[in-house]
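In: Model the following, please.
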Amino acid sequence: MGLDKPPRLKNVLVKGLALLPDQLQRLAVGLYLRHFHAILRMPACFLEFDSYRRWINRYDSLTAQDHKQIHADIENFRRHPLISVVVCVFNPPERYLRATLDSVIGQLYQNWELWLVDHASTAAHVLRVLAEYAQRDPRIKMVSCPTDGGVSAACNNATEIATGEFLAFLGQLDVLSTHALYLVAREIDQHPTVDLVYSDEDNITARGRRYDPHFKSDWNPDLFLSQNMISQLGVFRAELVGKVGKLRPEFDGSQDYDLALRVIDATSAERIRHIPFVLYHRRAALASNACHLGERSSAVRARDAVRDHLRRRRIDAEVVSTPGLSFRAVQYPLDSELSVSIIIPTKDRSDLLSRCVRGILEETTYRNLEVIIIDNHSEEEATHAYLRQIARNQRVRILQYNLPFNFSLINNWGAEQSRGDILLFLNNDTEPIEASWLRHMVANARRPEVGAVGAKLLYPNGRVQHGGVILGMTGIAGHLHRSRPADDPGYFGRAVLQQNLSAVTAACIAMRRDVFFEVGGFDGANLPVAFNDVDLCLRLRERGYLIVWTPLARLIHHETASRKLDLMPCRYREFLRENDYMRLRWGHILDRDPYFSPNLSRHDLSPRLAFPPAVRAPWRDAAHD
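Out: Predicted coordinates:
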């Protein structure tokens, strides 16, 4: 398409775009597409100003000076752990096999050993190439498996005799970044008790062009049960791999996932570290898995590995496949004896309130509940009439809150009046659309490690309104995947997978009663209207609880319909005060959300590449000291 040698004027335009803020870039591209495309005759794809290629050139390409700084950093390590890299080989094309092996030899960190496991290859070049590399470097060793006993059995032949303190598995066609083992060793040096390290990854074409980067969350236990976010690059403490039984042949095709699940069972969250750099490049299109299992077989074995993990933890949960996607969903057991108090503050808009309450009482399968409607200065006769009518229902209580509007204090007061084991705070402008929504929220809220549970909220047009809260997004916090279609998987499935997040919206949030009062409820003194849900979730996390967002609970949210946006100008100063309070109280967290990659922009409500990333390369930090 002529992208490799663009005309000089086009180069100038693109470089100029790169200097503009994101919003001005989008405006400039829009003007170009409308007015100048016919004149310059340049393909529109040339102006993909946040393309991955440009991001790589800017932030993920090492210079000679970078190499020098990395070597200097390595010299300052207090310890230099030996890392054993295992490659299982079965008839790969020669040029890709050489590229894989060269990526290990070319590592800037040199304290490694490479174990080449010939998995009964029949191609004549394989043994020749492996022998050539083994003769070239004494750190490269060969292991032969004359019969095809499966990829796990083959790899275990190497792991049993490897001498490294840590183990890494490399696909026979895949490639490590030159600084991969350096950053892994650096993480181990800084966190000596670490048991598992994983990095970001991307794909690579046959010609070496990188694409489709997977910028991952820090350790996210709920998300990990739905997708294998550890491989690749996953690096394991070798002693722990031996203790949990190494790779298991019955899980071939998902053997690395099964291993990671058993390792996390044997360690703790503090010993799992994420490196937010792309250290692994997969030739996904070439199907590099040496065991040659089909995608369906791999998905089935991944599901079985999760089931086995849950059995080990004595959790009687159901693991189901995600339709059309190679992910899984875990549905936790439900204790129907738990009573639920649904607390709904309201003012007028009986049309919204009636739909909300009808969805709870008539269309929700979970029955052990009470609905507490807190009326805050309703004025319309239609509202009063509806409240009198619905109060006849034995599961509904109407309470009058006659003080000025304060979202936090109203909900705190409602919680004090409630009787439920589980408290669910719900906006009056929400509307349940699936009968099982409450079942999934309660099942998660009852988990002892969970502090709060949020739902997937949709606009009336079916697009996402709330897909979880990301700290620092568009300011203090923002909703992930906003305005995407309801069933759009989003960024690597994160719009449809249950996961841990820093916060969820109080428009629909559930938690155990004792946990709510343990942290003191919502902050009515400092956050009467805005950010009180974010603050509550952060205080829960401060005490070690997880925040769960589940797409298994879906509701319509007629956002701000009951408290209209035209009220905002009159409380602008109050909003600024709440904003300043959040910065003062949580500023140390707001700019680095552990559940959102620093390589993704926090200026957009749908994940895009960050220019620049919020994390700087450690060797470049050292260069500027």
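In: what's the following helix or strand after the helix or strand of the chain with the lowest mean pLDDT?
Out: One helix or strand of the chain scores below all others by mean pLDDT, DSSP states H and E: helix 37-40, with a mean of 35. Beyond helix 37-40 in the direction of the C-terminus, DSSP states H and E gives the next helix or strand as helix 52-59.
In: Packing partners of that next one?
Out: On a contact count with 3 or more CB pairs under 8 Å, 6 or more residues apart in numbering; DSSP states H and E, helix 52-59 meets strand 210-214. All C-beta spots, glycine's among them, are computed from the backbone N, C-alpha and C.
In: Between helix 52-59 and the strand it packs on, find me the angle.
Out: Strand 210-214 and helix 52-59 are oriented at 80 degrees to each other (axes from the mean of the first three to the mean of the last three CA atoms, to 10 degrees).
In: Next, the buried residues of strand 210-214.
Out: 210, 213-214 (16 or more other CB atoms under 10 Å).
In: what's near enough to touch the residue sitting nearest the centre point of the chain?
Out: Compute the mean C-alpha point of the chain, and by CA atoms, centre = their mean the closest residue is S217, 4.2 Å away. By CB atoms under 8 Å, 6 or more residues apart in numbering, the residues touching S217 are 223, 229, 274, 499-500, 594-597.
In: try F77
Out: Taking CB under 8 Å, 6+ apart as the test, what F77 contacts is 185-186, 189.
In: Does it belong to a helix, a strand or coil?
Out: Under the three-state scheme (DSSP: H, G, I helix; E, B strand; the rest coil), F77 adopts coil.
In: cool, G587 as well?
Out: Counting by three-state DSSP, the backbone at G587 sits in helix.
In: What distance do you get for it to R311?
Out: G587 is 43 Å from R311, where distance means CB to CB, to the nearest Å.
In: now Y59
Out: 43 Å.
In: out of the two, which sits in the more crowded spot?
Out: Using other CB atoms under 10 Å as the criterion, Y59 and R311 rank with Y59 on top: 19 against 11.
In: Next up, the contacts around the nearest residue to that one once chain neighbours are set aside.
Out: With sequence-adjacent residues excluded and distances taken as CB to CB, 6 or more residues apart in numbering, Y59 is closest to P613, at 5.8 Å. For P613, the contact set (CB under 8 Å, 6+ apart) comprises 59, 276, 598-599.
In: So which of those residues belong to strands?
Out: Secondary structure of the contacts of P613 is defined by DSSP state E; positions in strands are P276.
In: Take the buried residues of strand 210-214 and write them to a markdown table, including pLDDT.
Out: Converted to a markdown table, the buried residues of strand 210-214 look like this (pLDDT from 0 to 100):
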| residue | pLDDT |
| --- | --- |
| R210 | 94 |
| P213 | 95 |
| H214 | 96 |
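In: got the domain boundaries for this protein?
Out: According to automatic domain parsing, the chain comprises the domains 8-49, 64-312, 340-590.
In: The ones you listed: which one's closest to H603?
Out: domain 8-49 (5.4 Å; CB to CB).
In: quick revisit: most neighbours among the contacts of F77, please name it.
Out: A185 (27 neighbours).
In: For the strand or helix carrying that one, buried residues please.
Out: Assigned by DSSP H and E, A185 belongs to helix 180-190. Neighbour counts over helix 180-190 (16+ other CB under 10 Å) mark 180-189 as buried.
In: Which of the contacts of S217 fall within helices?
Out: Secondary structure from DSSP state H places L223 of the contacts of S217 in helices.
In: Buried among the contacts of S217? Make that a PyMOL selection.
Out: Listed next is the PyMOL selection for buried residues among those, using 16+ other CB under 10 Å:
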select buried, resi 223+229+274+499+500+594+595+596+597
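In: out of the contacts of S217, who's nearest S84?
Out: Of these, the one sitting nearest to S84 (CB to CB) turns out to be H274, at 21.1 Å.
In: what about the closest residue in space to that closest one that isn't next to it in sequence, neighbour count?
Out: With sequence-adjacent residues excluded and distances taken as CB to CB, 6+ apart, H274 is closest to D218, at 4.5 Å. When neighbours are counted by other CB under 10 Å, D218 registers 20.
In: what residues are up against D218?
Out: 274, 594-595.
In: Save the residues you listed as CSV, and put in pLDDT and distance to K68 too.
Out: Formatted as CSV, the contacts of D218 follow (pLDDT from 0 to 100; distance: CB to CB, whole Å):
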residue, pLDDT, distance to K68
H274, 98, 27
P594, 97, 31
Y595, 97, 35
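In: of those, closest to H481?
Out: Nearest to H481 among the contacts of D218, with distances taken as CB to CB, is Y595, at 13.2 Å.
In: Surely the closest one is in contact with P221?
Out: No: when contacts are counted by CB atoms under 8 Å, Y595 is not listed as touching P221 (11.2 Å).
In: list residues touching both of these two?
Out: Here Y595 and P221 share the contacting residues N500, scored by CB under 8 Å, 6+ apart.
In: Checking my notes, H281 in a helix, right?
Out: No: going by three-state DSSP, the assignment for H281 is strand, not a helix.
In: For it, name its beta-bridge partners.
Out: Beta bridges link H281 to V175, D202, judged by DSSP bridges.
In: Next secondary structure after the helix or strand Q65 falls within?
Out: For Q65, the enclosing helix or strand under DSSP H and E is helix 64-75. Next helix or strand after helix 64-75 toward the C-terminus (DSSP H and E): strand 83-89.
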